[in-house]
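Visitor: Got a sequence here, can you model it:
(one chain, ligands or ions: 1)
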Amino acid sequence: MARKKTSKTKKVLNWKPVTLDLDLAGQGEFEGLVGFEELDCYELVKDSKGGAVIVGNDKHASAKPKVKKNEKRNKNGSFKKFGVKRMSRVSENKHQTDAANHKEVKKKGLKRKLDGTVVTETKKKTETSNENKGVELVNLQERDMSAWTNLFVPNSVLKALGAMNFTSPTPIQVLSLPPAIRDRRDIIGAAETGSGKTLAFGIPIVHRILEEKDYIKRNQTENNKDLPACPLRALVLTPTRELAIQVKKHLEAIMRFTDLKVTVVVGGMAPQKQQRLLKKCPEIVVATPGRLWELIEEGEPHLNQVSNIKYLVIDEADRMVEKGHFLELKQLLQLINRDEEMRKKRQTFVFSATLTMIHDLPQRLLLNKRKYKLTQKEKLELLMSELGTRDKPKIIDLSRRVGTVETLTEACINCSLKEKDLYLYYFLLTYPGRTLVFCNSIDCVRRLKNVLDLLACSPLPLHASMHQRQRLKNLDKFTTSERGLLLATDVAARGLDIPGVEHVVHYQVPRTAEIYVHRSGRTARAQREGLSLMLVEPQEVTFYRKLCKTLNRDEDLPLFPVDRAVLIMVRERVNLAKQLDVLEHRHRQRLAQNNWIKKVAGEMDLDVGDKEDNFLHDMQDPTEQSGNIKQIKVMKKSLLTMLNQPVVRRGTGGSYPTKSGKLTLPYVQSQKKAVTVVQGDVAENKRFKPMGRRKKLYKKNTCKGHH
Ligand SMILES: Nc1ncnc2c1ncn2[C@@H]1O[C@H](COP(=O)(O)OP(=O)(O)OP(=O)(O)O)[C@@H](O)[C@H]1O
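Guide: Predicted coordinates:
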């Protein structure tokens, strides 16, 4: 039945071959093009969803075509160009034609020219006749991709890069691509967060796989017919599920004009779906070690080729090999490196922003003569032997002495443990903007979520105890909300590339310098500015000092300027929210415990209601219980009243009728960005305070708080 429909569509849409002048097409750039076809007689008809579809302008054509029919046809290679009376179809073979290509062309409005340059289409509404209402025209715009010359980027990838507007490579890409592609060397790469490391390994892998596939195709003989039809060629390992999904998407984006496939294998999602996708034999698998090992142990056929892979990537490598983490990684590496011949042929990519960071030995090991502080070289050698890289890898270290990115502005607030919520709320209120708050534990995230929920800040939690679906949902919500607030543990510290994160707040001082660098690296990515703000309480000063030392800081972080007047104004509401949270938490806990006792007692046929033998908490007493609930209700109401009153600067009287007759309130929200405020303050301090005094002042403030 479906076949019949397709053939009918083909008949209706009268595509005609076009004769090409090959001289016009440029040399060498015509690779893969089979021909052009054109359609000069068609109509645009609204489909059931209100979108426009193309149907042949033939008397026999059905007046109401089925959308699916047209979609199928479009997959065969047509570029829709609505609103014009003539359209052309380009057919290509190999990695130039694939379903993803056309899906992308449909979605993003991409187009290719014969000379191989990438052309993107910016959408433009037609203002013409009724039948064309809502139909889009295209406006072509070329990109200069010459900065990528000499980096051995395949044409199809270059096209994708152009479509993404990546007109020039980043430094780590410039330094990684030639040795990886031309010299086939293993790469050990350290470069700051947000510097484009994913493509520094992604482009070489895609290049090499395309090249190999081409070679095999050209040399297909009787002898090599036994080769696996679609072998697993590359494996990318990442420490978190979200990062694996992101890397997969990034690779997909550069592979969209190829016929290569990539799939993700991570925990927390149905293994059945992943197994189904693996049946399609993707050349590249991006995975977290746990689920990957699980599927290998179950004998998943595609993954069973893992010891034959040609390319291995260990992203965030320093984290992956940390003691006590990823026990499966060790087993995986043993399996992958089992065959010495294969290991020697394999190209390995090892990347992280903190690969070359060196730590002082902990105090307890300082007296042990056999233990000493590793040099950077020794640290890398150790890593290389653990991962099984080949001899003489190319080591590229672009990381800065201080660890963080140049475009990052750093600051801290010294306060007591009790005041952390207050300062955080103050910051969120004064500087709205996409903010990522990091905590050291899941419990801390949970508590903070409740408090900030009560304060109407709409926080989104993200931690390892959440369902994966909810984790991804929250991440998605955060990404799409301009004033999004994500409360996360360090599961979100590494690798996540969330656009437009303005502030990173370390609610608690991270325990290692690496974590600080990676957390802070969620902002100020790809040359953009961003703020990293750390809340330090007296108990954390030791960790803070150690962190500064590892990061080679000669000075303390600048203090974040705080308006005490505003702080006083919001103190009451924060305190009330905290009290409410304690009450609600206690109430929930008792409820849960009572339910558990009742359940167990029921199973044991016991009566827990006996007066002398009452195991249940005092909530059993209905008056006590309703008292608690009442108190919570009253407190919530007064908090709501407080929240509904705008926080207005003191001494301003509250409201000003403007010329337009509107009331504008001098709200506490800063007119300046937080980054600008810190930078201004630092410049001011430098101008007016001699260095020695400033240092002393910081020392004093670090321990006491600065107000
Ligand atoms: N050549 C390029 N031109 C423009 N943008 C790029 C280029 N390469 C990568 N990017 C973009 O830069 C951002 C950061 O890239 P990526 O996530 O690879 O950084 P990273 O170095 O791996 O960071 P992290 O250390 O945090 O994992 C991404 O949004 C990516 O799309």
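Visitor: residues contacting E283?
Guide: With contact taken as CB atoms under 8 Å, 6 or more residues apart in numbering, E283 is in contact with 209, 230-234, 260-262. To be clear about C-beta, it is placed using only N, CA and C from the backbone, and glycine gets the same treatment.
Visitor: Show the pLDDT at the nearest residue to it once chain neighbours are set aside.
Guide: Sequence neighbours aside, R233 is the residue nearest to E283 in space, at 4.6 Å (criterion: CB to CB, 6 or more residues apart in numbering). For R233, the pLDDT comes out at 96.
Visitor: cool, Q272 as well?
Guide: Checking the pLDDT column for Q272, the value is 93.
Visitor: so it sits in a helix?
Guide: Yes. Assignment of Q272 by DSSP: H, G, I helix; E, B strand; the rest coil places it within a helix.
Visitor: Starting from T512, give me the distance back to it.
Guide: 38 Å (CB to CB, to the nearest Å).
Visitor: closest to the ligand among the contacts of E283?
Guide: Using CB to the nearest ligand atom, V262 is the member of the contacts of E283 that sits closest to the ligand, with 15.2 Å.
Visitor: beta partners of the closest one?
Guide: I284 (DSSP bridges).
Visitor: what's the burial count for it?
Guide: 22 (other CB atoms under 10 Å).
Visitor: Next, the contact list for it, please.
Guide: Contacts of V262 (CB under 8 Å, 6+ apart): 248, 251-252, 255, 282-286.
Visitor: how close does it sit to H587?
Guide: V262 is 48 Å from H587, by CB to CB.
Visitor: how deep is the residue of the stretch 551-700 of the chain found nearest the ligand tucked in, by neighbour count?
Guide: For the stretch 551-700 of the chain and the ligand, the shortest gap (CB to the nearest ligand atom) falls at L551, measuring 15.8 Å. By the criterion of other CB under 10 Å, L551 has 19 neighbours.
Visitor: quick one: contacts for the residue nearest to it when sequence neighbours are not counted?
Guide: Of all residues not flanking L551 in the chain, G403 sits nearest, at 4.7 Å (CB to CB, 6+ apart). Residues near G403 by CB under 8 Å, 6+ apart: 353-354, 357, 513, 516-517, 550-552.
Visitor: G403 in helix, strand or coil?
Guide: From three-state DSSP, the assignment for G403 is coil.
Visitor: Can you tell me how far it is from R553?
Guide: 9 Å.
Visitor: Over to D144?
Guide: Taking CB to CB, one finds D144 at 40 Å from R553.
Visitor: And these two? Which one has more around it.
Guide: Set D144 next to R553 and count neighbours by other CB under 10 Å: R553 wins out with 17 against 10.
Visitor: So in this structure, which helix runs the longest?
Guide: Of all segments of type helix in the chain, defined using DSSP state H, the longest is helix 564-603.
Visitor: Quick one: mean pLDDT for that helix?
Guide: Rounded mean pLDDT across helix 564-603 is 85.
Visitor: Show me the two of the contacts of E283 that sit farthest apart.
Guide: The span of those, defined through CB to CB, is set by P231 and V262 at 14.1 Å.
Visitor: after whichever strand or helix holds I203 comes which helix or strand?
Guide: Assigned by DSSP states H and E, I203 belongs to helix 197-218. Counting by DSSP H and E, the next helix or strand C-terminal to helix 197-218 is strand 234-237.
Visitor: Moving along the chain from that following strand, name the first helix or strand you hit.
Guide: helix 241-254.
Visitor: got the CA positions of that following helix in PDB?
Guide: What follows is helix 241-254, C-alpha atoms only, in PDB (Å, rounded to 0.1, in the frame of the first residue of the first chain):
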ATOM      1  CA  ARG A 241      25.300  10.800  31.000                       C
ATOM      2  CA  GLU A 242      24.400  14.400  30.100                       C
ATOM      3  CA  LEU A 243      27.900  15.000  28.700                       C
ATOM      4  CA  ALA A 244      27.700  11.800  26.600                       C
ATOM      5  CA  ILE A 245      24.400  13.000  25.100                       C
ATOM      6  CA  GLN A 246      25.900  16.400  24.400                       C
ATOM      7  CA  VAL A 247      29.000  15.000  22.800                       C
ATOM      8  CA  LYS A 248      26.800  12.700  20.600                       C
ATOM      9  CA  LYS A 249      24.700  15.800  19.500                       C
ATOM     10  CA  HIS A 250      27.900  17.700  18.700                       C
ATOM     11  CA  LEU A 251      29.300  14.800  16.600                       C
ATOM     12  CA  GLU A 252      25.900  14.400  14.900                       C
ATOM     13  CA  ALA A 253      26.000  18.100  14.000                       C
ATOM     14  CA  ILE A 254      29.400  17.800  12.200                       C
END
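Visitor: quick one: contacts for the residue lying closest to F326 once chain neighbours are set aside?
Guide: Leaving aside its chain neighbours, F326 sits nearest to P289 (4.7 Å; criterion: CB to CB, 6+ apart). P289 makes contact with 237, 320, 326, 328-329, 332, according to CB under 8 Å, 6+ apart.
Visitor: who wins for most neighbours among those residues?
Guide: Busiest of those [other CB under 10 Å] is L237, holding 26 neighbours.
Visitor: Verify the contact between it and D315 for me.
Guide: Yes. Counting by CB atoms under 8 Å, D315 is a contact partner of L237 at 6.7 Å.
Visitor: and for those two, which residues touch both?
Guide: Common neighbours of L237 and D315 (CB under 8 Å, 6+ apart) do not exist.
Visitor: Which helix or which strand is home to the nearest residue to A317 once chain neighbours are set aside?
Guide: Closest residue to A317 apart from its sequence neighbours, by CB to CB, 6+ apart: V350 at 4.5 Å. Using DSSP H and E, V350 sits in strand 347-352.
Visitor: hmm, that strand in reach of the ligand?
Guide: No. Applying CB under 6 Å from any ligand atom, one finds strand 347-352 separated from the ligand by no less than 7.0 Å.
Visitor: Now do the buried residues in the next helix or strand after that strand.
Guide: Next in sequence after strand 347-352, counting helices and strands by DSSP H and E, comes helix 376-387. Across helix 376-387, burial judged by 16 or more other CB atoms under 10 Å covers 379-380, 383-384, 386-387.
Visitor: and if you look at stretch 387-396?
Guide: Buried, per 16+ other CB under 10 Å, within stretch 387-396: 387-389, 393, 395-396.
Visitor: farthest-separated two in those residues?
Guide: Between all members of the buried residues of stretch 387-396, the farthest pair (by CB to CB) comes out as G388 and I396, at 19.3 Å.
Visitor: what residues does this protein put near the ligand?
Guide: Close to the ligand, as judged by CB under 6 Å from any ligand atom, the chain has residues 166, 169-170, 173, 191, 193-199, 353, 495, 497, 521, 525-526.
Visitor: Give me the ChimeraX select line for those residues, limited to the buried ones.
Guide: For the buried members of the residues of the chain next to the ligand, the matching ChimeraX selection, counting by 16+ other CB under 10 Å, is:
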select :166,169,170,173,191,193,194,195,196,197,198,199,353,495,497,521,525
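Visitor: ok, back up a step: which strands and helices sit next to the helix holding I203?
Guide: Other elements packing on helix 197-218 under the criterion 3 or more CB pairs under 8 Å, 6 or more residues apart in numbering; DSSP states H and E are helix 155-163, helix 171-177, strand 187-190, strand 234-237, helix 241-254, strand 311-315, strand 347-352.
Visitor: would TSV of these with distance to K673 be doable?
Guide: Output for these, formatted as TSV (distance: least, CB to CB, whole Å):
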stretch	distance to K673
helix 155-163	31
helix 171-177	27
strand 187-190	30
strand 234-237	36
helix 241-254	26
strand 311-315	31
strand 347-352	30
